[in-house]
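Chemist: Sequence unavailable; structure follows:
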């Protein structure tokens, strides 16, 4: 019981693991599925977004399968420890989520539509878990890269919260903040389910559609 309670409480900055400075894992130069780059620089017409929605293996697949998404990568974001390892993130002592970096063409898919994918791909009412995956690294999160994304994310959360409440789900716990450092995960995690088609994916949505039209308009 004590271990479970610790795993579902965010670590304080002073207690977080120290990590390491100036170190990054070697990751593949190109995306295993589409052959595009997974690290910057990206073509100037593209935009980025960062989401946390549970185990990043299945989360990344949900986005690379979305038309208009140019590339994806998995990593760690939203926490304290610089350049963490997977084991460190799973310990709950970094404060990071398992996150997905999404590189997209805004002429083909809007950020609002990515928010729809995000909310429908997981259950944002579960707090520090997704299904059987328990821990702070599995919390629901949106790390907006600019004010426009921040505003749209807040509107999407409010709209989806209302829809879920109609279906008697609990409150949406999605964490929404401004830009946070994204640390690439180890190379073997990148596009994991494409390399391992029978690999584990614990993601499951609520079955409730996210009303993208209610928050897609500017203003």
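Modeler: Received the coordinates, thanks. Values in this document were obtained by computation on a predicted structure and should not be read as measured data. Numbering: from 1, shown residues only.

Chemist: Leaving out the residues flanking it, which one is nearest to residue 133?
Modeler: residue 202 (4.8 Å; C-beta to C-beta, 6 or more residues apart in numbering). The way it works is simple: take the backbone N, C-alpha and C, and place the C-beta from them, glycine included.

Chemist: tell me the mean pLDDT over the longest helix along the chain?
Modeler: Using DSSP state H, we find that the single longest helix of the chain is helix 147-166. Helix 147-166 carries an average pLDDT of 97.

Chemist: residues in contact with it?
Modeler: For helix 147-166, contacts defined as C-beta atoms under 8 Å, 6 or more residues apart in numbering pick out 49, 111-112, 115-116, 119, 124-125, 142, 144, 170-172, 174, 176, 178, 206, 208-212, 214-215.

Chemist: Now which of these would you call buried?
Modeler: 49, 111-112, 115-116, 119, 124-125, 142, 144, 172, 174, 176, 206, 210, 212, 215 (16 or more other C-beta atoms under 10 Å).

Chemist: List the buried residues in the longest helix of the chain.
Modeler: In helix 147-166, the ones that count as buried by 16+ other C-beta under 10 Å are 149, 150, 152, 153, 155, 156, 157, 159, 160, 161, 163, 164.

Chemist: Now the residues you listed in TSV, please, with extra columns for distance to residue 17.
Modeler: As requested, those are exported to TSV (distance: C-beta to C-beta, whole Å):
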residue	distance to residue 17
149	29
150	28
152	33
153	28
155	35
156	32
157	30
159	37
160	33
161	33
163	38
164	34
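
Chemist: So which of the residues you listed is the closest to residue 56?
Modeler: Minimum distance to residue 56 across the buried residues of helix 147-166 is 18.7 Å, recorded for residue 153 (C-beta to C-beta).

Chemist: So which residues of this protein form strands?
Modeler: 47-53, 69-77, 97-104, 129-130, 133-134, 140-143, 175-177, 182-184 (DSSP state E).
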